[in-house]
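K.L.:
Starting from these lines, generate the structure:
(chains A and B)
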Amino acid sequence: MASSSSSGLTFKLHPLVIVNISDHYTRVKSQMNPPPLTSTSTTVNGVEPLQQAPRVYGCVIGVQRGRTVEIFNSFELLYDPSTHSLDRPFLEKKQELYKKVFPHFYILGWYSTGSDAQESDMHIHKALMDINESPLYVLLNPTINPAQKDLPVTIYESELHVIDGIPQLIFVRSSYTIETVEAERISVDHVAHLKPSDGGSAATQLAAHLTGIHSAIKMLNSRIRVLHHYLVGMQKGDVPCENSLLRQVSSLLRRLPAIESEKFQDDFLMEYNDTLLITYLAMFTNCSSTMNELVDKFNTAYDRHSRRGGRTAFI
Amino acid sequence: MDSAVAQKTWELENNILAAEAPDPSSDSIFYYDEVAQAKFLKDKPWANDPHFFKRVKISALALLKMVVHARSGGTIEVMGLMQGKTDGDAIIVMDAFALPVEGTETRVNAQADAYEYMVDYSQTNKQAGRLENVVGWYHSHPGYGCWLSGIDVSTQMLNQQFQEPFLAVVIDPTRTVSAGKVDIGAFRTYPEGYKPPDDHTSEYQTIPLNKIEDFGVHCKQYYALNITYFKSSLDSHLLDLLWNKYWVNTLSSSPLLGNGDYVAGQISDLAEKLEQAENQLIHSRIGPLGTSRKKEESQLAKITRDSSKITVEQVHGLMSQVLKNILFNSVGQPKRNEQPVSDPMIEA
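P.N.:
Below is the predicted model of the structure:
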């Protein structure tokens, strides 16, 4: 059912959507499985906790500009799996509410949880087709697998394929990238790594900032190592020579150095100098403030108006 | 290993509680116990103690939504409501949603515009399985810090009379982006005429000159609550995996470019404050030594702290730029001395 998509659309997914879906799922799951009231009830007490894995459904909204589809947000939907009916008035109400606050966002598709797309999903998909001719289906796999390295989120599109002479709609997988705004990235970072939320000293801030960049560079390094390893293998002859891959690597390498014009160097150095200037000014302010304190302390210690008048014992 | 020792010392210094690996049982916070909540609402333990609520726990989802909404408003203040429940002396915020209201700093109870929206939204939410009630409101102070203005204090006092338990949260999206960490504060007001028992010092933050009066007049009428965050096990798992994809964004973010205006504003504000401080210092050159001196000194010390903060943020931004330059631009060039000058780190 899932081959690769050929519609040529690029998909961008925001982390907010992923956290939304995960929260919806966790909510429904914990509501269904109330936590044991006593901490000693580890034995089965009738219902084994965390056994039911409900499927949740919802709508994704975002913006489509030309060939790029960007998914920003999502909200829940009411769907009855037994009768395959979507709660229409609910959907419309929600759509109206979200339109008031985010007037630019349109319904782009729907989401659900599970491990793979199923036949019954086609019903919902077809139901949404009157709002958006080509809706997306975002599937999140909620099973936590510690060995997993990839995000368990897949985006499916529907395509009309002729199978056995009958034109049918089937799901095809599409690739996507994660897109984020600066504010989103910072808050995701914040929650993911539980950084110290208060100011901390300048040293801690510096450490936090550099750690972030260090991890990012480490990732870059590991990716490049993989490529390097592959190329070495190709050179030795262990791996069959694949020209298309070689072309991609070569085009990647040719993009470095990234910018090399005079103007860039000038602007860069100017920014560098600006920052140094700010540092200089700050140090100046710091010095004058310390000097001010020193003078005041001096005046206190050598108070001219005291009876002794002048030099008191300097301890 | 060296880094492990360094990490432990850092964690110790900052009192970071070891985040226990969230196991599925910790997801119990997501369970909404209707009966217990109704009982708590009836008991009203906060009626006798203005300082009853001390902590706030915000879910990852709520934080993300609030920050994104605040940022999308740009320089206009936006507001929204938060849903959640209470747990002893803590208020738990599970979710947040935006309200179609703008310009919250110009009138008390801007929420009145959006009552219809609120009711509709709460209804649809309950149907969709989110059972919590509205437990507070949030709004943004783009660029001028997390505190309650006079209007905010009146709004919150009104809320605390009729909609208890209620919490006020303020987010500054501009400072968040500039500093690279979330700037957020949670507050509750004291009832009219109540004198707080002690003058506890809250964390210092720089306030622009045109707002400092508003801040000063009202800062004793409310207190800040401690904020912690939580996320479900699935959230942690997903966020870890998410890192595999968006490390690119971390590397490619350029805070210097985005925040030029804000930094310029901060510096000019600092210049004004400096002039003020100078005037004060000149006029009290001769005088009895005592507490009056201390006031001006702390003024200058405050300015020093502000300037160090601005500088530190600038330097961080520049460091990212220099690193990127080294990584991506010095290929094919003879190795030049491109190391950033060891800037004296100004201790706040």
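K.L.:
From now on I want contacts and neighbour counts done on CA atoms only, so please keep to that.
P.N.:
Fine.
K.L.:
How many neighbouring residues does residue 102 have?
P.N.:
Picked chain A for this. Per other CA atoms under 10 Å in any protein chain shown, the neighbour tally for A:Phe102 reads 18.
K.L.:
Hmm, no, I was thinking of chain B.
P.N.:
16.
K.L.:
For it, give its distance to B:Ser72.
P.N.:
12 Å (CA to CA, to the nearest Å).
K.L.:
Am I right that A:Lys263 sits in a helix?
P.N.:
Yes - assessed by DSSP: H, G, I helix; E, B strand; the rest coil, A:Lys263 belongs to a helix.
K.L.:
Distance of it relative to A:Met270?
P.N.:
On the measure of CA to CA, A:Lys263 and A:Met270 end up 10 Å apart.
K.L.:
With A:Glu96 instead?
P.N.:
49 Å.
K.L.:
residue ranges with poor pLDDT in chain B?
P.N.:
B:1-28, B:103-113, B:197-204, B:284-297, B:331-348 (pLDDT under 70).
K.L.:
Have a look at it and report its longest helix.
P.N.:
Scanning chain B for the helix with the most residues, using DSSP state H, yields helix B:291-329.
K.L.:
so where is the stretch 101-250 of chain A shaky, pLDDT-wise?
P.N.:
A:193-202.
K.L.:
Could you count how many residues lie near the closest residue to B:Ile207 other than its chain neighbours?
P.N.:
Leaving aside its chain neighbours, B:Ile207 sits nearest to B:Tyr144 (5.9 Å; criterion: CA to CA, 6 or more residues apart in numbering or on different chains). B:Tyr144: 21 surrounding residues under other CA under 10 Å.
K.L.:
quick one, phi/psi of the residue nearest to the spatial centre of chain B?
P.N.:
Note on chain B: the residue nearest the mean C-alpha position is B:Ile184, at 1.0 Å, using CA atoms, centre = their mean. Main-chain torsions, B:Ile184, degrees, to the nearest 10: phi -140, psi 150.
K.L.:
Any idea what it is bridged to?
P.N.:
B:Ile171 (DSSP bridges).
K.L.:
was I right about it contacting B:Thr174?
P.N.:
No - look at B:Ile184 against B:Thr174 with CA atoms under 8 Å: they stay out of range, at 11.3 Å.
K.L.:
in its sheet, what does the helix or strand containing B:Lys57 sit against?
P.N.:
Under the criterion of DSSP states H and E, B:Lys57 resides in strand B:55-59. When pairing is defined by DSSP bridges, strand B:55-59 lines up against strand B:90-102 (parallel), strand B:222-230 (parallel).
K.L.:
Could you identify which of those is most buried?
P.N.:
strand B:90-102 (a mean of 22; mean count of other CA atoms under 10 Å in any protein chain shown).
K.L.:
For A:Ile71, name its beta-bridge partners.
P.N.:
A:Leu13, A:Gly62.
K.L.:
measure it to chain B for me?
P.N.:
Separation of A:Ile71 from chain B (CA to the nearest CA, to the nearest Å) stands at 14 Å.
K.L.:
swap in A:Gln95?
P.N.:
Distance from A:Gln95 to chain B, by CA to the nearest CA: 11 Å.
K.L.:
show me the contacts for the residue lying closest to that residue once chain neighbours are set aside.
P.N.:
Ranked by CA to CA, 6+ apart and with sequence neighbours excluded, the top spatial neighbour of A:Gln95 is A:Ile107, at 7.9 Å. Taking CA atoms under 8 Å, 6 or more residues apart in numbering or on different chains, we find A:Ile107 in contact with A:Cys59, A:Val60, A:Ile61, A:Gly62, A:Gln95, A:Ile131, A:Asn132.
K.L.:
Keep only those of these that are in helices.
P.N.:
A:Gln95.
K.L.:
which of the contacts of A:Ile107 count as buried?
P.N.:
With burial judged by 16 or more other CA atoms under 10 Å in any protein chain shown, the buried subset of these is A:Cys59, A:Val60, A:Ile61, A:Gly62, A:Gln95.
K.L.:
Now distance to A:Ser112 too, for the contacts of A:Ile107, in CSV please.
P.N.:
Formatted as CSV, the contacts of A:Ile107 follow (distance: CA to CA, whole Å):
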residue, distance to A:Ser112
A:Cys59, 9
A:Val60, 10
A:Ile61, 14
A:Gly62, 17
A:Gln95, 18
A:Ile131, 18
A:Asn132, 17
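K.L.:
on that earlier part again, and the residue nearest to B:Ile207, that one's in a strand?
P.N.:
No - if the criterion is three-state DSSP, then B:Tyr144 is coil and not within a strand.
K.L.:
residues in contact with it?
P.N.:
Counting by CA under 8 Å, 6+ apart, B:Tyr144 has contacts B:Asp172, B:Arg175, B:Thr206, B:Ile207, B:Pro208, B:Lys211.
K.L.:
what's the answer for A:Leu9, then?
P.N.:
A:Arg67, A:Thr68, A:Val69.
K.L.:
Equivalent analysis for B:Val217, please.
P.N.:
Contacts of B:Val217 (CA under 8 Å, 6+ apart): B:Gly150.
K.L.:
Give me the three-state assignment for it.
P.N.:
helix.
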